[in-house]
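Chemist: What shape does this take:
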Amino acid sequence: MRRILVDSGILLSYYQQQEPLHAAVVGFFEQTAAQLITSPICIAEVLWLLGDQRDPRVLSAQNHLLGAVSHGGIAVIDLLPEDYARIAELNERYADLPGDFADLTLVTISERLDVAEILSLDSDFAVYRRFRREPFCRVPLG
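Modeler: Numbers count the residues shown, from 1 in each chain. Alright, predicted model coming up:
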């Protein structure tokens, strides 16, 4: 089965109708048969970025995302203790980029699971390298 890493920005775009790529992201998720993979840090980031859960729309979006994870629609890969050492290495290597812990967790998971494909709106994934040399394969939305 095809496996694709999914960044926080994609997940956020799915839930925010005002995002320019919202319809494309929804369409991609509805059409794909691939296993979508992310990290718990990306999930936490999206839950936080969605906003105040006292807003019923935010609470609904947060619970929808949590439901997608609990039902296996999005596989969340836990970080292992050794992943943190690799993340620290990546943090040093990419110190000139705006540091993003969530992104670096995806780089680490991509190496551990050997998944090169990523669905992301983040241009940093054009710079990040897997195994110190291999570029990511960006998955187009359309």
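Chemist: Name the nearest residue to L47, ignoring sequence neighbours.
Modeler: Take L47 and drop its neighbours on the chain: the residue closest to it by Cβ to Cβ, 6 or more residues apart in numbering is Q62, 5.3 Å away. Just so you know, the C-beta spots here come from the backbone N, C-alpha and C atoms, and that holds for glycine as well.
Chemist: what's in contact with the longest helix seen in the chain?
Modeler: Across the chain, the helix with the greatest residue count (assigned by DSSP state H) is helix 56-70. Residues outside helix 56-70 that contact it (Cβ atoms under 8 Å, 6 or more residues apart in numbering): 11, 15, 43, 46-47, 50-53, 73-74, 76.
Chemist: from these, which is closest to Q31?
Modeler: Closest approach between the contacts of helix 56-70 and Q31, by Cβ to Cβ: G73, at 13.6 Å.
Chemist: And D7, how far from Y14?
Modeler: As defined by Cβ to Cβ, to the nearest Å, D7 lies at a distance of 11 Å from Y14.
Chemist: Of those two, which one has the most company?
Modeler: D7 (24 against 21; other Cβ atoms under 10 Å).
Chemist: List the contacts of the more buried one.
Modeler: Neighbour list for D7: 38, 42, 102-103, 106, 118-122, 125 [criterion: Cβ under 8 Å, 6+ apart].
Chemist: out of these, which are inside helices?
Modeler: For those, the ones inside helices are 42, 102-103, 106, with DSSP H as the criterion.
Chemist: Cool, thanks, talk later.
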